[in-house]
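> pasting a predicted model and its sequence here:
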Amino acid sequence: MKFLNFILDVIYPNLCIGCGKEGEIICEKCLKGMRRFPFFTSGENIRAFFSPFIYDGLAREAVHLLKYEGLKVLSKPMGEEMGRLYAEKGYPVDVIVPVPLHKKRLKERGYNQAELLAREVGSFLGVPVGDFLTRERYSKPQVELSGDERRINVRGVFKACGDVCGMRILLIDDVITTGSTMEECGRALLSRGALEVYGLTFAREV
Ligand SMILES: [Zn+2]
């Protein structure tokens, strides 16, 4: 663990990232103030995408702190919000699969934020987490690219592995923008025999 990550994890857990109040990492009031994403959509390979929040304000800040600032303790309340939404609106699944990082990026960051969220969602829903995807190619960060470029950038990047035959899978990531990353993951899983693939992210860009 990087020293800075360690410090952040130790110092911040009791202060709300929204208002600084002591107690929870995101207090109830700040959580209630975050804009909810009002519906779910379907895709080509993903039967339905679910996200509790719109990617702006504090939701954006939370993703940023989890992903780039090493504030891993955030994965618990974030994952619980995702699990709560999925328990209300989602469909039964057999396994939860995080969108993988390339080995090189995993080494740079030290952890995969999608995996941390997947673990929390898994324990909230009582569904196991499985490693059924690998990222074969190092692609540019999607954030730098337009919609069409994103689709091309992730084409063929993911490979499904292990026995996913007949499985209903819930894919987990932090944010969904155009959905191309999840669509590619879905394509890889379906082509290996998965029955259905759903997507769940903490936030969604509008
Ligand atoms: Zn607060």
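Yes, it's here. Numbers count the residues shown, from 1 in each chain.
> show me which residues of this protein sit near the ion.
16, 18, 19, 27, 30 (CB under 5 Å from the ion). The C-beta positions use only the backbone N, C-alpha and C, and glycine is treated the same way.
> and the buried ones among the residues you listed, selectable in ChimeraX?
To isolate the buried members of those in ChimeraX, using 16 or more other CB atoms under 10 Å:
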select :16,18,27,30
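> pull the CA atoms of stretch 114-125 into CSV?
What follows is stretch 114-125, C-alpha atoms only, in CSV (Å, rounded to 0.1, in the frame of the first residue of the first chain):
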residue,chain,number,x,y,z
ALA,A,114,-14.4,-1.7,-9.2
GLU,A,115,-13.3,-4.8,-7.3
LEU,A,116,-13.6,-3.0,-3.9
LEU,A,117,-17.1,-2.0,-4.9
ALA,A,118,-17.9,-5.5,-6.1
ARG,A,119,-16.9,-7.0,-2.8
GLU,A,120,-19.3,-4.6,-0.9
VAL,A,121,-22.1,-5.2,-3.3
GLY,A,122,-21.5,-8.9,-3.0
SER,A,123,-21.7,-8.9,0.7
PHE,A,124,-24.7,-6.7,0.7
LEU,A,125,-26.6,-8.9,-1.7
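> kindly format the C-alpha coordinates of stretch 33-40 as CSV.
Taking C-alpha atoms only, stretch 33-40 is exported to CSV below (Å, rounded to 0.1, in the frame of the first residue of the first chain):
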residue,chain,number,x,y,z
GLY,A,33,-28.6,15.5,-1.1
MET,A,34,-26.9,13.5,-3.9
ARG,A,35,-28.9,13.4,-7.2
ARG,A,36,-30.4,10.0,-7.9
PHE,A,37,-30.3,8.6,-11.4
PRO,A,38,-34.0,8.1,-12.1
PHE,A,39,-34.3,5.0,-14.3
PHE,A,40,-32.4,2.1,-15.8
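> return the distance of that stretch from the chain's centre.
Shown here is stretch 33-40, whose average C-alpha point lies 16 Å from the average C-alpha point of the whole chain (CA atoms, centre = their mean, to the nearest Å).
> buried sites along it?
If you call a residue buried by 16+ other CB under 10 Å, then stretch 33-40 has these buried ones: 34, 37, 40.
> hang on, the earlier thing: can I get the residues of the chain next to the ion in TSV with pLDDT and distance to residue 49?
Written out in TSV, the entries for the residues of the chain next to the ion read as follows (pLDDT from 0 to 100; distance: CB to CB, whole Å):
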residue	pLDDT	distance to residue 49
16	94	28
18	95	25
19	94	30
27	94	28
30	97	25
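> go through the residues of the chain next to the ion and flag which are in helices.
With helices taken from DSSP state H, the overlap with the residues of the chain next to the ion comprises residue 30.
> could I get the residues of the chain next to the ion in a markdown table, plus columns for distance to residue 161?
Supplementary listing: these in a markdown table, determined by distance: CB to CB, whole Å:
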| residue | distance to residue 161 |
| --- | --- |
| 16 | 40 |
| 18 | 39 |
| 19 | 43 |
| 27 | 40 |
| 30 | 39 |
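> could you give the separation of stretch 157-172 from the chain centroid?
Its chain's average C-alpha position is 15 Å from that of stretch 157-172, according to CA atoms, centre = their mean.
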